[in-house]
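Peer 1: This is the structure alone, sequence omitted:
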């Protein structure tokens, strides 16, 4: 399975995915840490992928979604954005609504 197929498989398996540097328990950059805090603050159940542990995904993902930086949040396989967008959605109350909508979807 090539790297793009692996990315698609992760996105198909999990309704909300955060590709980040590090893990939610041990973020390895400030942007990833802020994104996790916003998601947790919104009560979002998300799957995290540590791109530092998978150099192939780290190299391919910016081209996959045409988004150059990490973290990257996907909901239902669609790129939502990075740290600033995640935080803006949280402040506006939209991230919580999106997380609740996803939680109601059965996979």
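Peer 2: That came through fine. Note that the coordinates shown come from a computational prediction; the quantities given were computed from them, not determined experimentally. Numbers count the residues shown, from 1 in each chain.

Peer 1: Provide the secondary structure category for the residue most central in space within the chain.
Peer 2: Of all residues in the chain, the one closest to the mean position by CA atoms, centre = their mean is residue 18, 1.7 Å from it. Three-state assignment for residue 18 (DSSP: H, G, I helix; E, B strand; the rest coil): strand.

Peer 1: and the gap between it and residue 56?
Peer 2: As judged by CB to CB, to the nearest Å, residue 18 and residue 56 stand 18 Å apart. C-beta: built from backbone N, CA, C; applies to glycine.

Peer 1: Can you report how many residues lie near residue 60?
Peer 2: 17 (other CB atoms under 10 Å).

Peer 1: Report the angle between the helix or strand that contains it and strand 16-20.
Peer 2: Under the criterion of DSSP states H and E, residue 60 resides in helix 55-65. Interaxial angle of helix 55-65 relative to strand 16-20 (axes from the mean of the first three to the mean of the last three CA atoms, to 10 degrees): 120 degrees.
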